[in-house]
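*Asks:* The following comprises the amino acid sequence and a computationally predicted model.
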Amino acid sequence: MATQAAFGWRLIMAAMKIRFTKMQGAGNDFVVLDETQGRFGLEPAHYRFLADRHFGVGADQILSVRAPTPEDAAAGIAFGYVIHNADGGEVENCGNGARCFARYVHERGLTQDNPVRVRTASGVLSLAVQPDGRVTVDMGAPVFELARVPFEPGARTPMVVGSWQMWPLDLKENRPMAGANCDSDALIHVAVLSMGNPHAVLRVDDVARAEVEVLGPCIEHHPAFLRRVNAGFMQVVDRSNIRLRVFERGAGETLACGTGACAAVVAGIRLGWLDSRVDVRTRGGRLTIEWSGRLEDSVHMTGPAVTVFEGEIELPEHPAGPDAP
Ligand SMILES: N[C@H](CCC[C@H](N)C(=O)O)C(=O)O
């Protein structure tokens, strides 16, 4: 009852009904909207409402499938999509969402293309649905240029590890909106890279004991990451197996993060800990990541994507957002 009382959603305008599909990829869950015939004109507050697990449908991200531009259609790019985090912010890339997109457009007969190509905020992805229903995604090449993550090194000095580096983060430098206990004296070191979206990867001895819920927000909101960051906690089991937990930017800890799995494996390969094909065990399922180690080569990810249910929901025209407690 406390939750109900503390966070109400005041619906202040006439509602509009929309249909949606609930999907999940390794437990990372999505509300998928078909905007191929026209856009719903949703605002960030609508995405927050749809993602809300008490007052909406509940999801880590919202995936809106859209028609291609004429230029893209002429180039064989069959769709576009945009993805918003549970906090309403638009994101550049989403690996588990990409796999769910591929199954979605096939299951609804929106295309027979296989692989299917799609325009996203971080570029064009190619997705192949395998006979067993898993999906293989060409995620493009990782990005290491710090300014493109974006990460501001400032006066920090990296620690050299293998043929690469890890950056020190003083969590006490955190912005107050982290809202978590970030005054730990422990200096952590993270690998910094982008998979179209920003990632910070740290190595831990045991993911089950990692303080993801405390350190996660402190890393996400650290001022060195100019657009916040996804924080990956990686346990190296052996050179072809890791366990991973990710505190996602704009969503909190999810059961799996596809771009996070790619970022962790790429970091592990560059730091000398992993071989070129790695099984990533997440709390929601297993993802397989392959990367040659050549900086310009694409990362490939294979994993599950499942439709959970279809539904319809009334959306307020302008959700007022959660009531003050
Ligand atoms: N939270 C991420 C977006 C979703 C990524 C994740 N769900 C995936 O599967 O890659 C970000 O803000 O960059």
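*Replies:* Received the coordinates, thanks. Numbers count the residues shown, from 1 in each chain.

*Asks:* Please list the residues of this structure that sit near the ligand.
*Replies:* Contacts of the chain with the ligand, taken as C-beta under 6 Å from any ligand atom, map to 28, 60-61, 85, 91, 94-97, 197, 230, 248-251, 254, 257-260. To be clear about C-beta, it is placed using only N, CA and C from the backbone, and glycine gets the same treatment.

*Asks:* give me phi/psi at the residue nearest to the spatial centre of the chain?
*Replies:* Residue closest to the mean C-alpha point of the chain, counted by C-alpha atoms, centre = their mean, is residue 94 at 4.4 Å. Per-residue torsions, residue 94: phi -160, psi 110 (degrees, to the nearest 10).

*Asks:* Next: residue 44.
*Replies:* According to degrees, to the nearest 10, residue 44 has phi -50, psi -40.

*Asks:* Wait, it touches residue 86, no?
*Replies:* No: contact criterion C-beta atoms under 8 Å: residue 44 and residue 86 do not qualify, at 10.8 Å.

*Asks:* Could you check which of those two is surrounded by more residues?
*Replies:* Per other C-beta atoms under 10 Å, whichever of residue 44 and residue 86 has more neighbours is residue 86, with 24 against 15.

*Asks:* Name the nearest residue to that one, ignoring sequence neighbours.
*Replies:* residue 51 (3.7 Å; C-beta to C-beta, 6 or more residues apart in numbering).

*Asks:* per-residue confidence at the one you found?
*Replies:* Note for residue 51: predicted pLDDT of 96.

*Asks:* That one: what's it in contact with?
*Replies:* 31, 57, 58, 59, 60, 61, 62, 84, 85, 86, 88 (C-beta atoms under 8 Å, 6 or more residues apart in numbering).

*Asks:* residues near the second one, how many?
*Replies:* I take that to be residue 57. Using other C-beta under 10 Å, residue 57 has 18 neighbouring residues.

*Asks:* secondary structure element for it?
*Replies:* Using DSSP states H and E, residue 57 sits within no helix or strand.

*Asks:* That one and the ligand: what is the separation?
*Replies:* For residue 57, the distance to the ligand equals 16 Å [C-beta to the nearest ligand atom, to the nearest Å].

*Asks:* Can you tell me what sits against stretch 263-270?
*Replies:* Contacts of stretch 263-270 (C-beta under 8 Å, 6+ apart): 142, 162-164, 191, 193-195, 199, 201, 230, 232, 234, 236, 242, 244, 274-276, 278, 280, 289, 291, 293, 299.
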